[in-house]
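In: Dropping the sequence and predicted coords here.
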There are 2 protein chains.
Amino acid sequence: MSEILRSQIERITPLTDKEFEYILSHFTIRKLKKHQYLIQEGDFVQNDHFVTKGLLKAYYVNQDGKEHIMQFAMEDWWITDYQAYFNETKSILNIDCIEATEVLCLSLYNREKLCADMHKIEHFFRKKSNSGYMALQRRILSFLNSNAKERYEQLRENYPILFQRVPKTLIASYLGVSRETLSRLSS
Amino acid sequence: MSEILRSQIERITPLTDKEFEYILSHFTIRKLKKHQYLIQEGDFVQNDHFVTKGLLKAYYVNQDGKEHIMQFAMEDWWITDYQAYFNETKSILNIDCIEATEVLCLSLYNREKLCADMHKIEHFFRKKSNSGYMALQRRILSFLNSNAKERYEQLRENYPILFQRVPKTLIASYLGVSRETLSRLSS
């Protein structure tokens, strides 16, 4: 399973077997069943998670109990509550498994250690962070500017696989529209 | 003016005079008058910009000519169209000056060169990118969850200085509310 991580890093910087072994020794494996929580609101967030198998959602529950989906993650994606992880504070998000899931966990201590030890890993994480920043900017622009139909079409164009694996109720929550609106859009 | 840049970097990693001189040699200075454009929609984006003086706004104009403000930037902040900058494509944003402005410009080529030459600069930019990512996540959560009054209060709490320097019409555009709604909120 760890080969997915190696390919992701090697799309940015080449690695020797020894280097990858060293990197991998900083991760731990965690397996979760469908519906199990990876992180619950109020937890201290120990790890960032690289998904080797499965599908998860990160969401915020507001005071009225309404769920707002922040992000999905499947194989080859990273997921955690980044505010809580980087600031070493309690999570305001919940992350649970839409499918049975396996993740590689990286603590903040090990991330910083790897980045300090290996310039090329610092480079890798800088590039990943830049990509993440751009993806969030696109999402903000879509909130500011697009209507529900456009947001739906952008999502289907960028992440067609989500539509095969994620229930429609959750897609609606991600887009910030009702289940009924989504049905109308997708018909 | 470049001392602001040095302090920002040194909040993350210490520098010798020689190192800072070397870093600074990769930047160029640009001065702009009030209302002048730093970037116009459709331009190829050559540079990221560190603000040493002044105040700018980055905004998207939709098909109906409506402006949506993506970000403000003042002294000690960075601003560009990051999608266009990192992907070397044309800008979809406009960036112009709310006040007379001075920026230090860093090309993508020079950014990558500095990061490759100096591990500590790669570290600095990774940390900055992480902070930027967290700020955008907070903004997305506020769109998904908060009402206009809460968004207004969050902004006033996090960036009080904006309310002294930025016209209310622009604050309203950033929050995605009408000028009338903003007047009601701020009264």
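Out: Done, it's in. Residues are numbered from 1 along each chain as shown, chains lettered A, B, ... in the order given.

In: which strands and helices sit next to the helix or strand bottoming out on mean pLDDT in chain A?
Out: Within chain A, no helix or strand scores below helix A:179-186, which has a mean of 81 by mean pLDDT, DSSP states H and E. With contacts taken as 3 or more Cβ pairs under 8 Å, 6 or more residues apart in numbering or on different chains; DSSP states H and E, helix A:179-186 sits against helix A:148-158, helix A:168-175. All C-beta spots, glycine's among them, are computed from the backbone N, C-alpha and C.

In: Now residue A:54. Nearest residue, chain neighbours left out?
Out: Sequence neighbours aside, residue A:101 is the residue nearest to residue A:54 in space, at 2.9 Å (criterion: Cβ to Cβ, 6 or more residues apart in numbering or on different chains).

In: Residue A:57 is in contact with the one you found, correct?
Out: No - applying Cβ atoms under 8 Å, one finds residue A:101 not in contact with residue A:57, separated by 10.8 Å.

In: more crowded one of these two?
Out: More crowded of residue A:101 and residue A:57, by other Cβ atoms under 10 Å in any protein chain shown: residue A:101, with 26 against 22.

In: Bridged to the more buried one, which residues?
Out: With DSSP bridges as the criterion, residue A:101 is bridged to residue A:32.

In: got it, and residue A:67?
Out: Beta-bridge pairing of residue A:67 under DSSP bridges involves residue A:61.

In: residues from chain A in reach of chain B?
Out: Residues of chain A lying close to chain B (Cβ under 8 Å from any Cβ of the partner chain) are A:60, A:62, A:68, A:70, A:82-83, A:86-87, A:92, A:115-116, A:119, A:122-123, A:125-126, A:129-130, A:132-134, A:136-141, A:143-145, A:176.

In: which residues in chain A form helices?
Out: With DSSP state H as the criterion, chain A has helices at A:2-10, A:17-24, A:82-87, A:108-117, A:119-145, A:148-158, A:160-165, A:168-175, A:179-186.

In: now the fifth one against helix B:108-117, angle please.
Out: Here the directions of helix A:119-145 and helix B:108-117 differ by 140 degrees (axes from the mean of the first three to the mean of the last three Cα atoms, to 10 degrees).

In: Residue ranges in chain A under the pLDDT threshold?
Out: Residue ranges of chain A with pLDDT under 70: A:187.

In: center of it - which residue?
Out: Centroid check for chain A by Cα atoms, centre = their mean gives residue A:79 as the closest residue, at 3.0 Å.

In: Test my guess that that residue contacts residue A:73.
Out: Yes - between residue A:79 and residue A:73 a contact is recorded at 3.7 Å, counting by Cβ under 8 Å.

In: Need the overlap of contacts for those two.
Out: A:49, A:51, A:56, A:58 (Cβ atoms under 8 Å, 6 or more residues apart in numbering or on different chains).

In: Around the last one, count how many other residues there are.
Out: Taking other Cβ under 10 Å as the criterion, the count of residues near residue A:58 is 22.

In: how far away is it from residue A:78?
Out: Taking Cβ to Cβ, to the nearest Å as the measure, residue A:58 falls 11 Å from residue A:78.

In: Likewise for residue A:147?
Out: Residue A:147 sits 30 Å away from residue A:78, going by Cβ to Cβ.

In: Look at the two and report which has more neighbours.
Out: Comparing residue A:147 with residue A:78 by neighbour count (other Cβ under 10 Å), the higher total belongs to residue A:78, at 19 against 10.

In: how far away is that one from residue A:117?
Out: Remark: distance between residue A:78 and residue A:117 (Cβ to Cβ) = 20 Å.

In: Take the helices and strands packed on helix A:179-186 and lay them out in a markdown table including mean neighbour count.
Out: As requested, these are exported to a markdown table (neighbours: other Cβ atoms under 10 Å in any protein chain shown):
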| stretch | mean neighbour count |
| --- | --- |
| helix A:148-158 | 15 |
| helix A:168-175 | 19 |
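
In: okay, now residue A:80: neighbour count?
Out: 26.

In: nearest residue to it other than its sequence neighbours?
Out: Excluding its sequence neighbours, the residue lying closest to residue A:80 (Cβ to Cβ, 6+ apart) is residue A:48, at 4.6 Å.

In: In contact with the closest residue to residue A:114 other than its chain neighbours, which residues?
Out: In this structure, residue A:114 finds its nearest non-sequential neighbour in residue A:121, 4.8 Å apart by Cβ to Cβ, 6+ apart. By Cβ under 8 Å, 6+ apart, the contact set of residue A:121 is A:9, A:23, A:114, A:115.

In: ok, now residue A:127?
Out: residue A:12.

In: one more time with 10 Å, if that's ok
Out: When contacts are counted by Cβ atoms under 10 Å, 6 or more residues apart in numbering or on different chains, residue A:127 is found next to A:9, A:11, A:12, A:13, B:86, B:115, B:122, B:126, B:129.

In: And residue A:107, by the same measure?
Out: Residue A:107 neighbours (Cβ under 10 Å, 6+ apart): A:26, A:27, A:28, A:45, A:46, A:47, A:48, A:85, A:113.
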